Each structure stands twice: as structure tokens, then as C-alpha cells.
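Enquirer: below: sequence and its predicted model.
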Amino acid sequence: MTNAHDDRQVPHGKVALVTGASRGIGAEIAGRLARDGFSVAVNYAGSPAAARSVVAGIEEAGGRAIAVRADVSDPVAVRHMFDAVESAFGGIDVLVNNAGVMDLAPVGEMTDDIIDRMVAINLKGTFNTLREAAGRLRQGGRIINTSSTVTRLLQPGYGAYAATKAGVEALTAVLSKELRGRGITVNAIAPGPTATDLFLRGKSPELVESIAMTSPLERLGRPADIAAAASVLAGPDGSWINGQTIRVNGGIA
Ligand code: NAP
């Protein structure tokens, strides 16, 4: 006998908003959540054509998606993005805060422009969407933030970037408690080195290979590895995981 209702499926009508979903890990998460059954809002800032192509890929596979532009560092743009997604899909159940930037320099050589941009996008950008989500996510929702394994590795040159991601981990734990009574979980995924523009840019093939070999699994992460973890946290099997930062890094740290 089969059950008429399979409680491992994402219920019809659930909506996910993924920031920074025009490329890299975010694009993969958007596609994965669409395959899981979510209607997906694909946020982007500077790459409209890439975002449109992510939406087209989802629609060709039979899913529902829209592209929505907002620089996450701009609180007004973020509010309008939430308005646009609610008006297109009727509400929001899952927020994936994936948008992020990384520039490396020793603390003593870091410029104001670079640290201000990382704080504005990685930390304040995450805060901006969390503030909207805190008031607007539907009962039973899920929030997935993005940290990085650098908060554990703490390598030279990563100080400013790691500081923004440590802030994201703190926000994750605090918000999970503040949302008591709403049935909403708040977690962070901390990827290890993952083959995207953000990681590969400026690195020689030899350096990339040596970093890949630091994992006991002897390869870089793939965006799909991170999307698989997001799928668990967003879906029915993730309902008891709350307030955690989950390191998805092949065992690198
Ligand atoms: P990526 O390939 O460089 O993609 C970054 C995405 O973020 C793009 O879609 C970009 O959109 C978007 N974005 C950048 N600034 C934005 C802004 N102000 N507002 C909205 N969207 C913005 O990076 P990725 O490797 O996929 O990284 C995704 C997340 O994982 C980041 O938070 C990163 O810190 C984290 N992470 C990555 C790694 C890694 O090794 N790759 C490891 C640990 C953590 P536009 O092009 O449209 O601007």
C-alpha cells in the first residue's frame, strides 16, 4: 500500500529566495531547490543575463522561477526584493543567504574600500535579508546563511573575509533563538574550497591542486555538494537542525 501523502516531499506552493543565484554555488542551490519542488526567486546584482539563464534552465526542467535584482548591501533594494517575491509567489518559506564576495590581503595591507565592500555585502547584506525574513517568512520556514570554513582555518590573508563570515555565524545562532515560536530554523553552511569564480580567480593551477589535496577526499568541493546540504536544510528532513553552522568541506577542517 502506498501513502497518498509522502511527508518527505516539499509541499506544493513552497517558495525559496536564493541570493547571489546568478552564478556559482547560488545558481546550483536555486536549481536544486527547484528540482526539490520549490518555486525559486533567483537574486542577482550585476549579472542579469546569467540570472535569466538560471531561470530558463529551471523552467525548461518544469520548475517555476523568477529573477529578481537587488544589491543585498542596499536595505531598500532588499525590502523591494521581498515585496517582488511575495507578489509573484504569494509568500516566502525559505531564504538562502548565499551572495558574497572575497578579497584577500594581510590585515596590515587591507584597504578601506576592500574591507568596507566585504562588510557591506557579506555581513550587512546578510543582516539586511535576515531583518526582512524575521518579519516576513511564513510559519515553518527555513533560513540558510553562508559562512566559510576559513572561520576555522584562519589562514593569513583571510582576516577581513573570515571576520565577516564569523559575524554571519553569530547572527545565525542569535536569530535561531529570536524566532522562537515561529517554527523557523536558522542555520549556516560553511563550505570549504569550492570550484567557482570566487575561489579560482587569481590562483595558479598548481595552487588550486595543492589546496584541493588538503582535503582527505583529495578534490575541491563542487557547487552541487553545497546545494545537497542546502536541500536537506530546506526540506522535510532538515526540520530538527537549528542554530547550527554545518561545515560542508570534505573534511578539510
Ligand atoms: P561566485 O561564483 O563569485 O558568485 C557570487 C554570487 O554572489 C553571484 O551570483 C553574484 O551575483 C552574487 N553577488 C555578489 N555581490 C552581490 C550583491 N551585492 N548582491 C547580490 N548578489 C551579489 O561565488 P561562490 O563561490 O558561488 O560563493 C557563494 C557564497 O559561498 C559566498 O557567500 C562565498 O563567500 C561562500 N563561500 C564560497 C567558497 C568557495 O570556495 N567558492 C567557500 C566558502 C564560502 P552577480 O554576478 O549578479 O553580482
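Expert: Ah, there it is.

Enquirer: and stretch 109-122, does that touch the ligand?
Expert: Yes: applying CB under 6 Å from any ligand atom, one finds stretch 109-122 touching the ligand at residue 121. C-beta coordinates here come from the backbone N, C-alpha and C atoms, glycine included.

Enquirer: list the buried residues of that stretch.
Expert: For stretch 109-122, the neighbour count (16 or more other CB atoms under 10 Å) marks 110, 114-115, 118-122 as buried.

Enquirer: might you list the low-confidence residue ranges for the chain?
Expert: Within the chain, the ranges that satisfy pLDDT under 70 run 1-8.

Enquirer: so which bits of it are right by the ligand?
Expert: Proximity of the chain to the ligand is confined to 19-26, 43-47, 71-73, 98-102, 121, 125, 146, 148, 191, 193-194, 196-199 under the rule CB under 6 Å from any ligand atom.

Enquirer: what segments of the stretch 51-200 of the chain are strands?
Expert: For the stretch 51-200 of the chain, strands defined by DSSP state E, counting those that start in this stretch occupy the ranges 65-69, 94-97, 142-146, 185-191.

Enquirer: most tightly packed of these?
Expert: With neighbours taken as mean count of other CB atoms under 10 Å, the strands of the stretch 51-200 of the chain reach their highest mean count in strand 94-97, at a mean of 30.

Enquirer: who does that strand touch, helix- and strand-wise?
Expert: strand 15-18, helix 24-36, helix 125-136, strand 142-146, helix 223-234 (3 or more CB pairs under 8 Å, 6 or more residues apart in numbering; DSSP states H and E).

Enquirer: what angle separates the longest one from helix 223-234?
Expert: If I follow you right, that is helix 24-36. Using axes from the mean of the first three to the mean of the last three CA atoms, to 10 degrees, the inter-axis angle of helix 24-36 relative to helix 223-234 is 50 degrees.

Enquirer: and helix 24-36, how far from the chain's centre?
Expert: Distance, stretch centre to chain centre, for helix 24-36: 10 Å (CA atoms, centre = their mean, to the nearest Å).

Enquirer: sheet partners, orientation included, of the following helix or strand past it?
Expert: Counting by DSSP states H and E, the next helix or strand C-terminal to helix 24-36 is strand 39-44. Taking DSSP bridges as the criterion, strand 39-44 forms sheet pairs with strand 15-18 (parallel), strand 65-69 (parallel).

Enquirer: which parts of strand 39-44 are buried?
Expert: For strand 39-44, by 16+ other CB under 10 Å, it's 39-44.

Enquirer: ok, those residues vs the ligand, which is closest?
Expert: residue 44 (3.4 Å; CB to the nearest ligand atom).

Enquirer: give me phi/psi at the residue nearest the centre of the chain?
Expert: Central residue of the chain (CA atoms, centre = their mean): residue 98, 2.5 Å from the mean position. The phi/psi pair for residue 98 (degrees, to the nearest 10) reads phi -110, psi -20.

Enquirer: surely it touches residue 19?
Expert: Yes: the pair residue 98 and residue 19 qualifies as a contact (CB atoms under 8 Å) at a distance of 5.4 Å.
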